[in-house]
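*Asks:* only geometry, no sequence info:
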């Protein structure tokens, strides 16, 4: 079978899984993300959710393929690197969105000097930033390992 056709079928499988996951979310009334944040409302379209699902599922599927093929298929390796880059971009956006929507920013109200210091509670919107940064670090390490394996298998000096 032609390599291009085979990879196209794998990509279609990724899209089918992402669309199926989207329909499961739609059944649970989570088809669009509505964030009510004080006086502002943030709404994301369904296409944004599907795009993120395609990137995440594509990353997982191609990670399994690359590891099972032991980095021997160049086309699969390059597609996996593309999914790595896209996932790093998505996680960077999530970190930025998390910083913008966390409750730690905003007005500072200074208490009177006679009162004890108040503890500031930080409410993260998506997740604790250390978890997002750790996931991004792991994806970057996997990206570097894949790039190293591609260079190792290359016959160019």
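*Replies:* Alright, I've got the coordinates. What you see is a predicted model; the values in this text were computed from it and never measured. Residues are numbered from 1 along each chain as shown.
*Asks:* can you give me the helices in this structure?
*Replies:* 3-27, 46-69, 74-101, 129-153 (DSSP state H).
*Asks:* would you list those helices in TSV and tack on mean pLDDT and mean neighbour count?
*Replies:* C-beta here means a position set from N, CA and C on the backbone, and glycine is covered the same way. Shown next, in TSV, are those (pLDDT from 0 to 100; neighbours: other C-beta atoms under 10 Å):
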stretch	mean pLDDT	mean neighbour count
helix 3-27	83	14
helix 46-69	87	17
helix 74-101	87	16
helix 129-153	89	14
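*Asks:* Take those helices and write them to a markdown table, including distance to residue 115.
*Replies:* Putting the helices of the chain into a markdown table (distance: least, C-beta to C-beta, whole Å) gives the following:
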| stretch | distance to residue 115 |
| --- | --- |
| helix 3-27 | 46 |
| helix 46-69 | 45 |
| helix 74-101 | 29 |
| helix 129-153 | 30 |
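*Asks:* For residue 112, find the nearest of these.
*Replies:* Residue 112 lies closest to helix 74-101 among the helices of the chain, at 30.2 Å (C-beta to C-beta).
*Asks:* angle of the closest one against helix 46-69?
*Replies:* 140 degrees (axes from the mean of the first three to the mean of the last three C-alpha atoms, to 10 degrees).
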